[in-house]
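Colleague: structure for this input, please:
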Amino acid sequence: MVKYLFVLGESLAMFGVSRKSYYIWTMSKEGGEDPWSEWSLGGSSEASYKDLLCCSRARNTLIYYDEKSAKFLLRVPDLKGWVMSCKLSTRAYWKSQLQWL
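Modeller: Next comes the predicted model:
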């Protein structure tokens, strides 16, 4: 499983992707015995997993989640500005090389 930490609203969150599914967990501010709770889950694919695995190995990868569009954006500086966008509702993943990054 590939995992990324990011901010969701005012909470710390973790985005995890495997070959078959994705998960988003959020951490409760109150803590407690098990501070993590499931926020979202859905299906994934082998191709999506491999793309994210490639990104996870790069240094200085940044992840941003836009709540309005339900999209993740990953910027991978080590790969010359390569960006991955993932919309969870459609499980659509795509890559693009942006000149201005």
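Colleague: next, count neighbours for Lys3.
Modeller: 13 (other C-beta atoms under 10 Å). Yep, even glycine has a C-beta here, placed from its N, CA and C like the rest.
Colleague: that one - nearest residue in space that isn't next to it in sequence?
Modeller: Gly16 (4.7 Å; C-beta to C-beta, 6 or more residues apart in numbering).
Colleague: how close does Cys54 get to Ala70?
Modeller: Going from Cys54 to Ala70 by C-beta to C-beta, to the nearest Å gives 23 Å.
Colleague: when these two are compared, which one has more neighbours?
Modeller: Taking other C-beta under 10 Å, Cys54 and Ala70 do not tie; Cys54 has more neighbours (16 against 13).
Colleague: just checking, the more buried one is part of a strand?
Modeller: No: the assignment for Cys54, made by DSSP: H, G, I helix; E, B strand; the rest coil, is helix rather than a strand.
Colleague: and the pLDDT at it?
Modeller: Each residue has a pLDDT score; the one for Cys54 is 71.
Colleague: ok, what's across the strand from the residue nearest to Lys3?
Modeller: Counting by DSSP bridges, Gly16 is bridged to Lys3, Tyr23.
Colleague: you'd agree it is up against Met1?
Modeller: Yes: between Gly16 and Met1 there is a contact under C-beta atoms under 8 Å: 5.0 Å.
Colleague: tell me which of the two has more neighbours.
Modeller: When Gly16 is set against Met1 and neighbours are counted by other C-beta under 10 Å, the residue ahead is Gly16, at 16 against 13.
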